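Asker: Pasting a predicted model and its sequence here:
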Amino acid sequence: MTELVWRAGGCHCGAVRFETALPGRIAAQTCNCSMCAKVGFIHVIVPQNRFRQTSGVDRLTRYSFGTHTAQHLFCAVCGVKSFYRPRSNPDGWSVNARCLDDADSLDLDLTAFDGRDWERHGHELAHLSKEAQ
């Protein structure tokens, strides 16, 4: 397995902070669904054990829609969604690559995901929250 490095990130105001363990080359997805397209979220989906929130648990506010499976978490102070529990991977987390402190230096392997037709394509992401990637 590729060596993982813990990387820190957070929201705009700094009230919400997290860390995630990532390889040197990072699989990431852009999504054209109504939510992601509007906010420019770049998904880095990781297993539960490769994510930890380090501060601001009490600063998060939750939003869900549709099936209410995905749990979108926003900083109640600045409104930024740094990470959330995705519908495709309820056993993991989706981190916004743009919210990582060293976002400009990341080696992202971007793949387009058709979230507009989620029912047809959602299963294509399920493997990303499993440990063996």
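Answerer: Arrived safely. Given the structure is predicted, the values throughout are model-derived calculations rather than measurements. Residues are numbered from 1 along each chain as shown.

Asker: Assign a three-state SS to T2, would you?
Answerer: Following DSSP: H, G, I helix; E, B strand; the rest coil, the label given to T2 is coil.

Asker: what's the distance between the closest residue to it other than its chain neighbours and R17?
Answerer: Closest residue in space to T2, ignoring its immediate chain neighbours: P23 at 4.0 Å, by CB to CB, 6 or more residues apart in numbering. Just so you know, the C-beta spots here come from the backbone N, C-alpha and C atoms, and that holds for glycine as well. Distance, P23 to R17, using CB to CB, to the nearest Å: 21 Å.

Asker: Repeat that for A27.
Answerer: From A27 to R17 the distance is 23 Å (CB to CB).

Asker: T69 now?
Answerer: T69 is 25 Å from R17, by CB to CB.

Asker: Compare neighbour counts for those two and give me the winner.
Answerer: Per other CB atoms under 10 Å, whichever of T69 and R17 has more neighbours is R17, with 18 against 13.

Asker: Please verify my assumption that the more buried one contacts S55.
Answerer: Yes: with contact defined as CB atoms under 8 Å, R17 reaches S55; the gap is 4.4 Å.

Asker: what do these two both touch?
Answerer: G10 (CB atoms under 8 Å, 6 or more residues apart in numbering).

Asker: tell me which helix or strand of this protein sits lowest on mean pLDDT?
Answerer: Least confident helix or strand, the chain: helix 118-121 with a mean of 86, by mean pLDDT, DSSP states H and E.

Asker: Identify the residues contacting that helix?
Answerer: Counting by CB under 8 Å, 6+ apart, 33, 87, 113-115 sit against helix 118-121.

Asker: So which of those residues are in strands?
Answerer: Judged by DSSP state E, the subset of those located in strands is F113.

Asker: Out of the contacts of helix 118-121, which is nearest to A97?
Answerer: Closest approach to A97 among those (CB to CB): F113, at 13.6 Å.

Asker: In contact with that closest one, which residues are there?
Answerer: Here F113 is in contact with 29-32, 43, 121, 124-125 (CB under 8 Å, 6+ apart).
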